[in-house]
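**Q** give me a model of this one.
(2 chains)
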Amino acid sequence: MKEVAANFNAKVIECAVQEHWRTNDTYATVKQHRSTGKPFFFVDGPPYTTGTIHLGTAWNKILKDSILRYHRMNGRHVIDRAGYDMHGLPIEVKVEQALGFKSKKDIEKYGIQKFIEECREFAIRNKLMMDEQFINLGVWLDFPGAYKTVMPEYIEAAWWTLARVEDKGMLERGHRVVNWCPRCETAIADAEVEYADESDPSVFVKFPLKGRTNEFLVIWTTTPWTLPANVAVAIAKDFLYAKVLAKKDDKETLLWIAEPLVKAVLKKGRCKDFSIVETKKGAELIGWEYESPLASCVPLQREIAHKVLAADFVALENTGIVHIAPGHGWDDFVLGTKEGLAIVCPVDGAGKFKEEAGIFAGQYVRDSNENVLVALGDHLFAKETVTHRYGHCWRCKTPIIFRATSQWFLKISEMRELMLKEVEKVTWYPEWAGSARFYDWIKDARDWCISRQRYWGIPIPVWVCPKCDAYRVIATIAELEERSGKPLLDPHRPYVDEVTIPCTCGGTMKRVEDIFDVWFDSAVASWATIGFPGKTQDFENLWPADFITEGQDQTRGWFYSQLGASTIAFGKAPYKSVCMHGFALDAEGKKMSKSLGNVVTPEEVIAKVGVDVLRLYILSSSAPWDDLKFNWEGVGTINRAANILWNVYRFPVPYMILDKFEPANKAGLWDDAYIRANLSRMPDEDRFIISRINSVAATVDAATRECQLHRATRELINFILEDLSRWYVQLVRERMWIEGESESKHFAYETIYYVMRQLIGLLAPVCPHITEDIYQNLRCKNDPASVHLLDWNKGEPALVNAELEQAVGIVRSFDEACANARQTGKRKLRWPVAEVVVVTDSEPVKDAIGRRLNAVCKDRANAKTVRVVMGRWERIGWKAEPIMKALGKGFGKNSFAVKTLIETADGNLLKTEISAGRTVKLGNGNAVFDIGADHVTFAEQLPPEVFSSSMPDATVYVDVQLTPELEAEGYAREVIRRINEMRKQLNLAVEDFIVADVAVADERICALIQASWRTGIMEEVRARELSIHKTGAAVKTFEMVKDWDVEGVAMTIGISKAND
RNA sequence: GGGCCCGUAGCAUAGCCCGGUGGUGCGCCCGGCUGAUAACCGGGAGGUCAUGUGUUCGAAUCACAUCGGGCCCA
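**A** Residues are numbered from 1 along each chain as shown, chains lettered A, B, ... in the order given. All right, here's what the predicted structure looks like:
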């Protein structure tokens, strides 16, 4: 055992521990040690490799690490491969920005090969940076062996999965409306759309009805640019529609609008005069034909037969008539498919109108809105601007458009039922994350568009024959090489694009150009991480995963993508349990964002308080699934708790070293045999703390098993502060100071050693560095080489003593009540008191304070005696207090006399009689009055210099009255304290001797101390010589002389170090 | 507009499932201890339990509505 640094310096400790782990390869040793245990298959949700980690990412890994460390200590062989998500649009966008690119054309010009190599380089660079940051957090995952979505084996897993999807008939090549980013020129998934406020025109447009003059349908839209693609309007069958005669500027028109909305619409069109000509049910409008108001300038529109249809999504909003452009809206598309409408889409991938859009050709759709309105001319009925939530590309923030294109889909909508069933089988922490949140999300799931028209991703392994249109899904690289007859250098674009396969029809199959949605990459992680399909053994033994944990945003992300892919490929969920965690917010509960300037980085926190405190803070301050409001004060509090842990650990070490203490062990291997064997002979405080640490262990174990790390950590912090520091250490101090051999001291050493060993074991998953540092200093020479090699303590019921814990609880309440009463009585703890009396009716209180822990009570209370009185303490008197209101009623003008009688009567006697239900006669000679229960109340009357305070089930009375003996002791204690203070100021060593002189101004006090305490003081301050005398006598020269005011008595104290 | 979660003293949290005096920590003020000491301990003040309505003898707790925050969706 070594001396321990006086100041707790987390950074120094953590650096040293990390270095120790590196040189001893501790992580590998721990894994090796557990390699024969029951497997615990964990899958790391792969963070995306852009830039540095933030507090939320840190939280995520800290949570994972703590839970996995717990399982390792419980003997599990943890599959702990880290993972990284390294493909996809976010990286492409970053690289594009770095290269100053504006569109896909720039990429093509630059060369796809060069471009993807840039992307690869970017991803790898970031991955290495993130490795380092995670390792600095103390996270023990397999980082060198991490799965990376860019590896050929990984890509193969995605390919294999798609082939499997195809086998199940769940892959569909379809011409559908998808979310489209016109900047990235690709389809994006629902999950990639971000909603933000956008300003758009809100317009009401008149569509002329065919064969009628001056009669129109009025529609509403916020996307005028979709009007060139209009093919129909939709109404609701059951709504009532009105034909309105509207007058404006002396012109009359006939307008069809849903009847309840007429007034509002005409107001927007500034028509003051109008009248309803006729009304019809929506059903009667079906089949009406109309013409496009853009027919003259958009050739495409002239070829379309526009008509009125019914649709159930039409709401009683705006005009009640909905513009339908099946090429540019999801509902429109579904309706169009059902009704056999033309799916027109005169917009290209870059969001520009094609030739068929006539005068708008070449214009960017959002820029063309104004031109469309101009072209509408008189058909524009009303126009205003709205700000509404609109979808944006998650990466480049460009407003998305809907566009009908040819894409590849996973038929999720057909899997919903099975997915919902599987969700129910998964254990969710918290329960509602699955049963409510995730369940609702899946209920509404649509088919998943998995194709992207981009470059940096897993190429979709589909080869199509241009001659016969047949396609083939390739499952593995080997299959591709075999069919193509050529080796594959790299399964990425553009290398894979060059590979062709002969078709059975004689044609040559070419790969479709698309790559996978990056969410599909991570969707296959649970089997890709164990090498499937390349290797199958681990898959058969391990899959599905025992546990995953990610943030609440992954409900629609990874929880979902994995479930979808897995349910199609294997018919079941890829995980058995899921813990959903929250987000890291700022102290006000707002999202941390660069623009708000409220971002706190993990580095900042680590720089101030170190990693373990950050870990303990994050895990203890909120439940995993609640959002974390980051708060520096809270961090400070946890740091203080860590500091107290350090002090508690440090406190006995010097004494143990001095005594060459070594805990009882067998051949250098420590266990708790000594504690078990000697427990019954140990002092109560030792048995208490041993019991407590085992109760705590049981609580911590139960909480951790349920992912309730906040409960586990709070329990541990509470134990350190309350039980260890504030209680046990206070009680055990004197035993540490015993010089020479002592069984009592030895018990204390063994106890505190045992408790520290158990405590650091329980704390090791959360604070891996501090506990390792402490363990390395405490371990016996043949003990396991790391705290992380220890077995978990679930709490040993045989060592738990509930009655004792309860008794100590009572004594601690007593302790607090004493302090309270002393404070009221203005008697410092240093000054002894003659007696403390506890009045109670409770047997447990009586037993704890009066018998079992009486010695502790006396010590804590600094009292000569502590005794318990059941029922009533004879020194407590009762004072009768008249109730004047009642006296006035009962005694009229004699009230005042009665009042005096009551006040001067013997309160005790009065109370006894009245409590027994009798009346008491009080008189002053001339008159006698009957006093009953109505007339008086009783107040407790304490003897002089007795002060009380209440505790649960009892009242504590402290008698602070001084006797000469008590006074002498009190002053003696004051002198001792001051001499010791001066010793410290002189920097004397604990074992140094001194000579001292005390001059006291008050003759009586001087005599008191002199008479009984001179020797006592000399012992306590290690004085060779001590003179106590009245002020004024000649004083020798001392190294230090100080004047003191001791409770109003002036003293001059001089001390010097004794020679020799 | 919809789903889920959260709202308790200046700050952070427990209690809510299963209704019966709202605990705790930090900070603040006062005090104690002085061989854990640039540490440690005690006491005190501080609460419309977001708001409103309902159920009930009784609501922080149950129900409904509103407001505010977060995540997700349309």
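
**Q** helix/strand/coil for A:Arg1024?
**A** Here A:Arg1024 is strand, with the state taken from DSSP: H, G, I helix; E, B strand; the rest coil.

**Q** so what's it closest to, chain neighbours aside?
**A** Once flanking residues are discounted, A:Arg1024 sits nearest to A:Ala1058: 4.4 Å by Cβ to Cβ, 6 or more residues apart in numbering. C-beta: built from backbone N, CA, C; applies to glycine.

**Q** go on, A:Gly51?
**A** In this structure, A:Gly51 finds its nearest non-sequential neighbour in A:Asn126, 6.5 Å apart by Cβ to Cβ, 6+ apart.

**Q** next, the contact list for that neighbour, please.
**A** A:Thr49, A:Thr50, A:Gly51 (Cβ atoms under 8 Å, 6 or more residues apart in numbering).

**Q** and the nearest residue to A:Leu763 once chain neighbours are set aside, what helix or strand is that in?
**A** Of all residues not flanking A:Leu763 in the chain, A:Thr771 sits nearest, at 5.1 Å (Cβ to Cβ, 6+ apart). Element membership for A:Thr771, per DSSP states H and E: helix A:768-778.

**Q** so which elements touch whichever helix or strand comes after that helix?
**A** Per DSSP H and E, the first helix or strand lying C-terminal to helix A:768-778 is helix A:802-824. Applying 3 or more Cβ pairs under 8 Å, 6 or more residues apart in numbering; DSSP states H and E, one finds that helix A:802-824 makes contact with helix A:684-705, strand A:833-840, helix A:843-845, helix A:854-861, strand A:946-951, strand A:954-959.

**Q** got the residues of the stretch 651-800 of chain A near RNA strand B?
**A** A:Phe651, A:His710, A:Leu721, A:Ser725, A:Arg726, A:Val729, A:Gln730, A:Arg733, A:Met736, A:Trp737 (Cβ under 7 Å from any atom of the strand).

**Q** if we ignore the residues flanking it in sequence, what's nearest the last one?
**A** Which is A:Trp737. Counting by Cβ to Cβ, 6+ apart, the nearest residue to A:Trp737 once its immediate chain neighbours are dropped is A:Tyr655, at 7.7 Å.

**Q** do the same with the first one
**A** Using Cβ to Cβ, 6+ apart and skipping residues adjacent in sequence, the residue nearest A:Phe651 is A:Val729, 6.1 Å away.

**Q** hang on, the one you found packs against A:Leu645?
**A** No: under the criterion of Cβ atoms under 8 Å, A:Val729 makes no contact with A:Leu645, lying 11.3 Å away.

**Q** what about these two, which has more around it?
**A** Counted by other Cβ atoms under 10 Å, A:Val729 and A:Leu645 do not tie: A:Leu645 has more neighbours, with 28 against 19.

**Q** what about chain A, any weak spots by pLDDT?
**A** A:190-191, A:587-590, A:593-598, A:1033-1035, A:1060 (pLDDT under 70).

**Q** about what we covered before: ok, the residue nearest to A:Leu763 touching A:Gln758?
**A** No: using Cβ under 8 Å, A:Thr771 is not in contact with A:Gln758; the gap is 11.2 Å.

**Q** between those two, which has more neighbouring residues?
**A** Between A:Thr771 and A:Gln758, counted using other Cβ under 10 Å, the more crowded position is A:Thr771 (26 against 23).

**Q** any idea how far RNA strand B is from the more buried one?
**A** 17 Å (Cβ to the nearest atom of the strand, to the nearest Å).

**Q** do A:Lys114 as well
**A** Taking Cβ to the nearest atom of the strand as the measure, A:Lys114 falls 33 Å from RNA strand B.

**Q** same question for A:His175.
**A** 20 Å.

**Q** who touches the residue nearest to A:Asn793 when sequence neighbours are not counted in this structure?
**A** Distances taken as Cβ to Cβ, 6+ apart place A:Ala697 nearest to A:Asn793, at 4.7 Å, with adjacent residues excluded. For A:Ala697, the contacting residues are A:Gln758, A:Leu762, A:Asn793, A:Lys794, A:Gly795, A:Glu796, by Cβ under 8 Å, 6+ apart.

**Q** of those, closest to RNA strand B?
**A** Using Cβ to the nearest atom of the strand, A:Gln758 comes nearest to RNA strand B of the contacts of A:Ala697, at 17.7 Å.

**Q** and that closest one, what element?
**A** Assigned by DSSP H and E, A:Gln758 falls within helix A:743-763.

**Q** the inter-axis angle of that helix versus helix A:684-705?
**A** Using axes from the mean of the first three to the mean of the last three Cα atoms, to 10 degrees, the inter-axis angle of helix A:743-763 relative to helix A:684-705 is 10 degrees.

**Q** now for helix A:743-763, which elements pack on it?
**A** By 3+ Cβ pairs under 8 Å, 6+ apart, helix A:743-763 packs against helix A:632-650, helix A:653-658, helix A:673-678, helix A:684-705, helix A:709-718, helix A:730-737, helix A:768-778.

**Q** in a markdown table: the ones you listed, plus distance to A:Val838.
**A** Listed next are these as a markdown table, based on distance: least, Cβ to Cβ, whole Å:
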| stretch | distance to A:Val838 |
| --- | --- |
| helix A:632-650 | 30 |
| helix A:653-658 | 34 |
| helix A:673-678 | 31 |
| helix A:684-705 | 18 |
| helix A:709-718 | 26 |
| helix A:730-737 | 19 |
| helix A:768-778 | 39 |
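
**Q** between the ones you listed, which one is closest to A:Ala573.
**A** A:Ala573 sits nearest to helix A:684-705 of all the helices and strands packed on helix A:743-763, at 20.9 Å, using Cβ to Cβ.

**Q** the longest strand in chain A is where?
**A** strand A:193-208 (DSSP state E).

**Q** got the contact list for A:Asp409?
**A** You called it Asp, but residue A:409 is Phe. A:Leu171, A:Glu172, A:Arg173, A:Gly174, A:Arg176, A:Asp447, A:Trp448, A:Cys449, A:Ile450 are the contacts of A:Phe409 under Cβ under 8 Å, 6+ apart.

**Q** of the residues you listed, grab the buried ones for ChimeraX.
**A** Buried members of the contacts of A:Phe409, identified by 16 or more other Cβ atoms under 10 Å, are gathered into one ChimeraX selection as follows:
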select /A:171,172,176,447,448,449,450
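
**Q** which of the contacts of A:Phe409 sits closest to A:Phe333?
**A** Nearest member of the contacts of A:Phe409 to A:Phe333, counting by Cβ to Cβ, is A:Arg176, at 6.5 Å.

**Q** which SSE is that closest one in?
**A** For A:Arg176, the element it lies in under DSSP H and E is strand A:171-181.
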